[in-house]
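Undergrad: 3D model of this:
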Amino acid sequence: MKKLIIVTAIIMLASCATMKRTSVPAGARSVTPAANVPAAELPDDQDHLILATLWFQKSAEMRALFYQCFRNAEIALKENLELSDRTRNAAVVLDIDETLLDNSPYQGWQVLKQKAFNNDDWFRWVERASARPLPGAVEFTRYADSLGVEVFYVSNRTVEEMGPTIRNMAAYGFADADSTHMLLKETTSSKVERRERIEQNFEIILLVGDNLADLSRIYEKRGPDYGFEAVEKDRRLFGTNYIVLPNPMYGNWLNDLLRTAPGSTEREKLIKLLEAF
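TA: Predicted structure coming up:
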């Protein structure tokens with residue numbers, strides 16, 4: 001039965017991950033997903049990525065959650081702007097990947113090729129500049145711009161990826177999609193210093209991301225409780241100052257689990273965590 005479920009999942013994923021793109025820029029290198037891979041050849045510890053990627057690509061719940069989150073973001077942005085002291089211009093700070101742009105085709109390619117993340121493959125995907133906007137994302141940035149709120153993108157894409165990232169986002173009409181408003185990774189994954197640079201001239205009235213570290217430095221080291229206590233302390237900020245988008249595919253939450261759990265494979269580690277709940 002398990003093999004049947006996995007085979008069905010692979011077929012569905014392959015059909016989505018291999019869809020033709022109609023807006024790939026000239027000269028862009030292609031990341032082509034592999035042909036269907038037999039379920040028996042897929043390592044067991046990829047199961048979590050298969051289902052997470054399918055949920056992100058195929059579930060109506062995912063689309064509903066993104067529309068809901070960005071609608072809440074619009075409400076919070078307007079309210080926070082009205083409460084702003086106006087001594088500095090207002091700004092909203094957003095992450096890019098799995099907040100504004102959908103990279104799940106790359107995740108599907110990883111599963112089908114049985115490959116862990118690596119910078120070379122990722123860069124080839126970014127160079128295509130064909131990641132689609134997530135539901136409600138473009139509209140939210142335009143709404144912020146219509147209120148006179150400056151839109152900044154703080155992402156751990158590298159500065160070398162600036163060109164294709166701007167092309168990708170500008171093609172879909174994201175507000176302020178330019179090098180002035182895009183603060184990408186130079187030497188550190190921490191976004192604290194980049195947010196502080198923005199705060200020198202702007203008042204950040206809202207932060208939006210799929211990873212808690214997109215919002216505050218306190219989530220960069222979550223501790224043995226996986227950040228639960230920190231979230232409890234900040235619970236009144238969610239929906240008002242912070243907007244979090246769903247991403248079951250990857251993130252600090254998964255890195256922390258795999259780093260601390262016993263076991264020699266990802267599957268073993270995740271099973272141990274379930275057993276300890």
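Undergrad: when you work out contacts or count neighbours from here on, use the C-alpha atoms and nothing else.
TA: Noted.
Undergrad: from E79, how far out is the residue nearest the centre of the chain?
TA: Centroid-nearest residue in the chain, with C-alpha atoms, centre = their mean: E98, separated by 2.4 Å. Per C-alpha to C-alpha, to the nearest Å, E98 is found 25 Å from E79.
Undergrad: in this structure, which helix has the most residues?
TA: In the chain, assigned by DSSP state H, the helix with the most residues is helix 60-83.
Undergrad: could you say what helices and strands it packs with?
TA: Counting contacts by 3 or more C-alpha pairs under 8 Å, 6 or more residues apart in numbering; DSSP states H and E, helix 60-83 packs against helix 137-146, strand 202-209, strand 242-244.
Undergrad: any chance of those in CSV, plus mean neighbour count?
TA: Output for these, formatted as CSV (neighbours: other C-alpha atoms under 10 Å):
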stretch, mean neighbour count
helix 137-146, 18
strand 202-209, 23
strand 242-244, 21
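Undergrad: so which of those is nearest D225?
TA: Nearest to D225 among the helices and strands packed on helix 60-83 is strand 242-244 (19.2 Å), distances taken as C-alpha to C-alpha.
Undergrad: helices or strands next to that closest one in the packing?
TA: Using 3+ C-alpha pairs under 8 Å, 6+ apart: strand 242-244 touches helix 60-83, strand 202-209.
Undergrad: Throw these into JSON lines and include mean pLDDT and distance to F123, thanks.
TA: Formatted as JSON lines, the helices and strands packed on strand 242-244 follow (pLDDT from 0 to 100; distance: least, C-alpha to C-alpha, whole Å):
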{"stretch": "helix 60-83", "mean pLDDT": "98", "distance to F123": "26"}
{"stretch": "strand 202-209", "mean pLDDT": "98", "distance to F123": "21"}
